[in-house]
Each structure stands twice: as structure tokens, then as C-alpha cells.
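K.L.:
here's my sequence, what's the structure:
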Amino acid sequence: MLIAAILLAATGEPTLAEQGVAAFKSTCLDSRQAGPNGVRAALAVLGAKRQPDLPSLTNGRPMEMWVTDELEFLLRPDRRGYGCFVAFKQIAASDLDGAVSALSALPELVSKTVKPSKRISYQWTFSDGSKDSVHLTPDSQLGGVLINLEVERK
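P.N.:
Next up, the predicted model:
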């Protein structure tokens, strides 16, 4: 909730990007140690509504889906860990900069230099040295902004 308060103080009304980052923090990041069940509990607290599962893109287990008014959440459990995703529609470049800055300001994340490519994306690792990672893709294949946490089993 601290990140939401900081973002709100700066702008008054939270932008969609700010809402997305705050929701990502409260569901995916804050539940990282608790695993998929922690994410599910955080989504219930947020009031997200369960939707039909989406088929796996890698022939694994289906992805669980939840929605709120503006945001979509996906949870992809697998043998090696899990992925937790927050997706929302396209945003203005200034809002994207705000989302990247907000994620970079989180003390548990360390910004990672990304090799130049055709697809713009931002990446962070964790200051605790784990192999877990966070990615923000402004123009994802889902048709909007995607922020995802990848957690590897220990």
C-alpha cells in the first residue's frame, strides 16, 4: 500500500499504470514467499473475480485468470515455480515511465540492463539474490501492458 500512497500523493488520481503497479505489488510481490495460494488469497482480498482458465502456452497447466474493472490477473503454476501477471490496456508514455520508476523504487527490486531488441521491456532481479525476476512489457502479445513475476522453486 505504500507504493499506492506515494503514487497517489504525486498525482491526486491514480493512473491506470499506477493502479497496475500497486495491484502487482499487493498481489504478486507481497505474496512471493507464500506462493500461488498466497497470490490467490491476495486476489480475493483485492476483490478480483475468478474467470475461466486460459489454456497454457507451453502445454503445461492452464493459467488461472481473475479480473477487476481495469486489470486482469493471471497465475501460471508449474513444476519449476510459478508466474504471476497483471495486465492492463495501453497507456501513455509518461504513465509508462511512472510505472517503471515505481517498480524501480521498490527496495526489493534491482533494475537490470536489458539487451536492445525489437521488443521494449524492462527487467528487475531481487536484492535477496534469488533467481526470481520481474518483467514489464509495454506492448505485450496480450494487447496491452504486462507486468509479471517469475518465481523459481527453491
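K.L.:
for this structure, give me the ranges with low pLDDT.
P.N.:
For the chain, applying pLDDT under 70 flags the ranges 1-11, 114-119, 142-143, 154.
K.L.:
can you show me the strands along the chain?
P.N.:
Taking DSSP state E, the strands of the chain run over residues 49-54, 63-67, 72-78, 81-88, 109-112, 122-126, 133-137, 145-152.
K.L.:
now these in TSV, with distance to T15?
P.N.:
Every C-beta, even on glycine, is put in place using the N, C-alpha and C of the backbone. Listed next are those as TSV, based on distance: least, CB to CB, whole Å:
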stretch	distance to T15
strand 49-54	23
strand 63-67	19
strand 72-78	17
strand 81-88	10
strand 109-112	20
strand 122-126	17
strand 133-137	15
strand 145-152	11
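K.L.:
now render these as a markdown table, adding mean neighbour count.
P.N.:
Formatted as a markdown table, the strands of the chain follow (neighbours: other CB atoms under 10 Å):
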| stretch | mean neighbour count |
| --- | --- |
| strand 49-54 | 12 |
| strand 63-67 | 18 |
| strand 72-78 | 20 |
| strand 81-88 | 22 |
| strand 109-112 | 14 |
| strand 122-126 | 18 |
| strand 133-137 | 21 |
| strand 145-152 | 20 |
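K.L.:
having no further points to raise, I will conclude here.
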